[in-house]
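**Q** test case, fold it:
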Amino acid sequence: IDGNVYSFDKRGMKNVLERHHPKYWNGSVKKSQSFLDKNISISEIQDIASQVINQNRSKVSSIGANGVGQIFGNVNGVDYVLGLNRGRIGQLYPA
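**A** Numbering: from 1, shown residues only. I've put the predicted structure just below:
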């Protein structure tokens, strides 16, 4: 977006899986804990992230490749929160 590349690297995916995927959950709980569908695949998670980013191109552009922020989107009737941190996706979970 605007010449910037946003990556969903292993560290970001590990965070999503360990915090929000029932099969990989590390047991940590925040004030409000949400989970992805237990049958969702890694490629489906990547696709959801891509769709949420594309739904929020102007907001992603305003956050920029060096910024930090959250965006919100809806994929297949499920609301998601996606966190960007200096050009990386580090957070994705059902709202």
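**Q** neighbours of residue 6, how many?
**A** For residue 6, the count of nearby residues is 19 (other CB atoms under 10 Å). All C-beta spots, glycine's among them, are computed from the backbone N, C-alpha and C.
**Q** surely it and residue 61 touch.
**A** No. Counting by CB atoms under 8 Å, residue 6 does not reach residue 61; the two are 10.8 Å apart.
**Q** pull out the buried positions in the longest helix along the chain.
**A** Of all segments of type helix in the chain, defined using DSSP state H, the longest is helix 42-55. Residues of helix 42-55 classed as buried: 45, 48-49, 51-53, 55 (neighbour count, 16 or more other CB atoms under 10 Å).
**Q** pLDDT below threshold where in the protein?
**A** The chain contains no residues with pLDDT under 70.
**Q** what are the boundaries of the strands in this structure?
**A** With DSSP state E, the ranges of strands along the chain come out as 68-75, 78-85, 88-94.
**Q** strand partners of the first one, parallel vs antiparallel please.
**A** Right, the one you point to is strand 68-75. strand 78-85 (antiparallel) (DSSP bridges).
**Q** now could you export just the CA positions of the strand it pairs with as PDB?
**A** Presented in PDB, the C-alpha positions along strand 78-85 are these (Å, rounded to 0.1, in the frame of the first residue of the first chain):
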ATOM      1  CA  VAL A  78     -16.800 -12.300  11.500                       C
ATOM      2  CA  ASP A  79     -15.300  -9.000  12.900                       C
ATOM      3  CA  TYR A  80     -11.500  -9.000  13.300                       C
ATOM      4  CA  VAL A  81      -8.900  -6.700  14.800                       C
ATOM      5  CA  LEU A  82      -5.500  -6.500  13.100                       C
ATOM      6  CA  GLY A  83      -2.500  -4.900  14.700                       C
ATOM      7  CA  LEU A  84       0.300  -3.300  12.700                       C
ATOM      8  CA  ASN A  85       3.700  -2.600  14.200                       C
END
